[in-house]
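In: Sequence first, predicted coordinates after that:
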Amino acid sequence: MPLVPLPLPDPGSPDLGSPLGFLRWLQRSQRRGQLLATLWSVLELGCTAALPVAVGRGVQAVVDGDGSGLLTAGLLALLLSAGQTATTVLVHRQVVWNWIHAASQVRQLLSRQASTLGAALSRRIATGEIVAVSSGDVEKIGWYVELAARLYGAVLAWLGVSIAVLCWQPGLGLAVLLGVPVLAAAVWPLLGPFERRYTEQRALGGKASELAADTVAGLRVLRGIGGEELFLRRYRAASQRVRAAAVRTARTWSVMQAQEVLLPGLFVIGVTWYGAHLALNGSIGVGELISVYGATAFLAAPLRVIGEAAHAWSVARVSAGRVVSVLALTRDGAAADGPTAAADTDPAELVRRAERSDLHDPASGVTARAGRLTAVVCGDPDAAGELAARLGGRPALADGETPLPSARLGGAELDAVPLAAARAAVLVHDKEPMLLSGTLAELLDVPRSGRVEPAAALAAAHAGDALEALVDGSPECGGDPMAARITERGRSLSGGQRQRLALARSLVADPPVLVLDEPTSAVDAHTESRIAAGLRALREGRTTVVLATSPLLLDQADTVLLVHHGRVCAGGTHRELMATEPRYRAVVTRDETDLAAAGAGVPAPGGAQ
């Protein structure tokens, strides 16, 4: 089989019309692997079915005293055994390849969807549910894809054996031809109850995963208020509900497995009894009786595959429904990142346009002039985050929210251009950026213009103490900060150190337009002052938008805009607004007198300003 590098260059465009449509698309995307696995499975089962024939011929040769017949039967048995061994290896390798390929393809689709929706994903589906879909559900779908080819092979082998026995002994052949479908159909009445119980188990498991994810995310806060026991009790209760549902599912599955053993066994006994009756009557010889028994006993293997495939089909349909529910999410009712009027926008052209164009948000009236540092002040941090997302072209909308007009960059609607083009032109630095594990060099190895070196970005972010902490925690780096390792999520660093390394990563990228959402909220005033000066110097001539309320940052901006009730209500320099605009002064100073006088800048109930 060919080696395929993962991840795939393009996971494809799946059929999201239904769970069954998605599973069919997944199988079609692996035609070659499915055909090869089916071929090897047919050959493996064919050798298995033919082996008792060779043994029976050998026994009959002994009974008849035929030495040459015994030698022929022995060579045939040796050849079939070798073929069975080789094809068993080949079919196992191929079906595992199919499983891994399918699982990787689905995971890439989920990752692409997460990248497309961005922050909107966590507002539409809980984090725990996403974890459950990308782990357990993906594995169930991969299992079904792996079994599909073996099922086709089992059906073809059963037809081949049935035809051969039918031609040789019509009575036995008819029993074999009709018996297997009857036994296979016996499991179908249990599939409905099993699927319903598994669906319930899967839903409860997803809720438990959501609760666990929320608990882990807020563990520090829970410890601070002494709420660990409360959440522990809640998780225990949720876990017990999952356990009870799993036991109910297992009961049905155990009955299905018992059928897979009992019914084929009874079938083999019945056919063997009939064959023994024929042997006693002299209709067939002893060797033929052995062949009949072996061929009949062989049919237990296809029946087991059919039973396992029925189980896999049931759970895969449920899992595929979960995957489709995630992949079908859209930002504004249109296909996620689907064809639009500007879908053919050239990313390079948009980047060139961004270097000389203003960034404008019609919903709020915010306009960031090209090549200038613009600061935006919002009294509500959530409103600032939503504005940052809109300026990046991918606002985070929850279900039922009406999308606002798209932000425009040089006349181009950012919502309408391909995601890759929008992100190449505008980079949004979240207020809580993520640090991945690896070396510092790997952290800063991002797509970039080449104008800003890592050392300059780290200096502008004033990350010297963060570099020292990384070196101290990584003796193997030999004193080289770039070779020092960052632990998962940067847990070994303080909040301010993590924030500055993330800022340095954004500065290294050097996008034409950089949107920073509270980039210095976790650092002290002295460090913040240096960062503000370094940021202005490093981004000279580039379009930069900073959403902040810190006077140290605002004083470095060319223009400061005050957003009140979702719209720009004032603009000027920081010093001008402090002198003339009470609402601005109220937000920046948080002075209770100013807040009372201005009646603005304080988030109203429900998060509105």
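Out: Okay, I see it. Just so it is clear, the model here is predicted, and its values are computed rather than measured.
In: For this protein, list the residue farthest from the centre, please.
Out: residue 65 (65.7 Å; CA atoms, centre = their mean).
In: Contact partners for that one?
Out: Neighbour list for residue 65: empty [criterion: CB atoms under 8 Å, 6 or more residues apart in numbering]. For glycine as for every other residue, the C-beta is placed from the backbone atoms N, C-alpha and C.
In: mind listing the helices in the stretch 401-550 of the chain by residue range?
Out: 419-425, 440-443, 454-460, 464-473, 495-509, 525-538 (DSSP state H, counting those that start in this stretch).
In: any idea how far the one helix or strand residue 96 maps to is from the chain center?
Out: Residue 96 belongs to helix 67-117 when elements are defined using DSSP states H and E. What separates the centre of helix 67-117 from the centre of its chain is 26 Å, taken as CA atoms, centre = their mean, to the nearest Å.
In: just stretch 518-529 next, same as before
Out: 35 Å.
In: try stretch 569-579
Out: 46 Å.
In: still on that earlier bit, elements contacting the helix holding residue 96?
Out: Here helix 67-117 touches helix 19-28, helix 31-64, helix 119-124, helix 138-168, helix 300-327, going by 3 or more CB pairs under 8 Å, 6 or more residues apart in numbering; DSSP states H and E.
In: quick one on the thing from earlier: a markdown table please, covering the helices of the stretch 401-550 of the chain and showing mean neighbour count.
Out: As requested, those are exported to a markdown table (neighbours: other CB atoms under 10 Å):
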| stretch | mean neighbour count |
| --- | --- |
| helix 419-425 | 21 |
| helix 440-443 | 19 |
| helix 454-460 | 20 |
| helix 464-473 | 17 |
| helix 495-509 | 23 |
| helix 525-538 | 18 |
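In: Tell me which of those helices lies nearest to residue 236.
Out: Each of the helices of the stretch 401-550 of the chain has some distance to residue 236 by CB to CB; the shortest is helix 495-509, at 31.4 Å.
In: In three-state terms, label the closest residue to residue 536 other than its chain neighbours for me.
Out: Leaving aside its chain neighbours, residue 536 sits nearest to residue 556 (4.6 Å; criterion: CB to CB, 6 or more residues apart in numbering). Assigned state for residue 556: coil (three-state reduction, DSSP: H, G, I helix; E, B strand; the rest coil).
In: before we move on, back to that, specify the angle between the helix holding residue 96 and helix 300-327 in degrees.
Out: Between helix 67-117 and helix 300-327, the angle comes out at 10 degrees (axes from the mean of the first three to the mean of the last three CA atoms, to 10 degrees).
In: quick one: average pLDDT of helix 67-117?
Out: Helix 67-117 shows a mean pLDDT of 90.
In: just checking, the residue nearest to residue 536 touches residue 531?
Out: No: if you go by CB atoms under 8 Å, residue 556 and residue 531 don't touch, sitting 9.6 Å apart.
In: Residue 571: neighbour count?
Out: Look at residue 571: counted by other CB atoms under 10 Å, it has 18 neighbours.
In: swap that for residue 112, sorry
Out: Neighbouring residues of residue 112 were enumerated by other CB under 10 Å; the total is 17.
In: same thing with residue 83?
Out: Residue 83, neighbours per other CB under 10 Å, totals 17.
In: and if you look at residue 233?
Out: 10.
In: That one is in what secondary structure piece?
Out: helix 228-280.
In: Specify the angle between that helix and helix 138-168 in degrees.
Out: Using the same axes, to 10 degrees, helix 228-280 lies at 10 degrees relative to helix 138-168.
In: Run the chain-centre distance for helix 228-280.
Out: The answer for helix 228-280 is 30 Å, by CA atoms, centre = their mean.
In: re the thing from before, looking at the helices of the stretch 401-550 of the chain, which is nearest to residue 404?
Out: helix 419-425 (16.0 Å).
In: Quick check: which helices or strands does that closest one pack against?
Out: Right, helix 419-425 is packed against helix 347-354 by 3+ CB pairs under 8 Å, 6+ apart.
In: again, 10 Å this time
Out: helix 67-117, helix 347-354, strand 412-413 (3 or more CB pairs under 10 Å, 6 or more residues apart in numbering; DSSP states H and E).
In: related to what we said a few turns ago, can you list residues touching both of residue 556 and residue 531?
Out: residue 550 (CB atoms under 10 Å, 6 or more residues apart in numbering).
In: can I assume residue 376 sits in a helix?
Out: No: read with three-state DSSP, residue 376 is strand and lies in no helix.
In: Could you pull up the contacting residues of it?
Out: Taking CB under 10 Å, 6+ apart, one finds 361, 364, 366, 368, 384, 387-388, 391, 515, 517, 545-549, 554, 557, 559-563, 568, 571 in contact with residue 376.
In: Over to residue 556?
Out: Taking CB under 10 Å, 6+ apart, we find residue 556 in contact with 373, 375, 529, 531-537, 544, 546, 550, 574.
In: which of those lies closest to residue 423?
Out: Taking CB to CB as the measure, residue 423 lies nearest residue 544 of those, at 16.4 Å.
In: For the closest one, grab the count of nearby residues.
Out: 25.
In: so it touches residue 514, yeah?
Out: Yes: between residue 544 and residue 514 there is a contact at 5.0 Å, judged by CB atoms under 10 Å.
In: Tell me the residues that contact both of the two, please.
Out: In contact with both residue 544 and residue 514: 368, 373, 507, 535, using CB under 10 Å, 6+ apart.
In: Format the residues you listed as CSV; extra columns: pLDDT and distance to residue 250.
Out: What follows is the shared contacts of residue 544 and residue 514, written out as CSV (pLDDT from 0 to 100; distance: CB to CB, whole Å):
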residue, pLDDT, distance to residue 250
368, 95, 59
373, 96, 62
507, 95, 54
535, 95, 59
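In: of these, closest to residue 266?
Out: residue 507 (73.7 Å).
In: if we can go back for a sec, okay, the helices and strands packed on helix 419-425, which one's buried deepest?
Out: Among those, strand 412-413 has the highest mean neighbour count (mean count of other CB atoms under 10 Å), at a mean of 20.
In: Number of residues surrounding residue 138?
Out: When neighbours are counted by other CB under 10 Å, residue 138 comes out with 22.
In: Next: residue 380.
Out: Neighbours of residue 380 (other CB under 10 Å): 21.
In: Need the phi and psi values for it.
Out: Dihedral pair for residue 380: phi -110, psi 120, per degrees, to the nearest 10.
In: can you tell me how far it sits from residue 549?
Out: Computed as CB to CB, to the nearest Å, the residue 380 to residue 549 distance reads 11 Å.
In: Pick out the shakiest of the helices and strands packed on helix 67-117, pLDDT-wise.
Out: Note on the helices and strands packed on helix 67-117: helix 119-124 shows the lowest mean pLDDT, a mean of 68.
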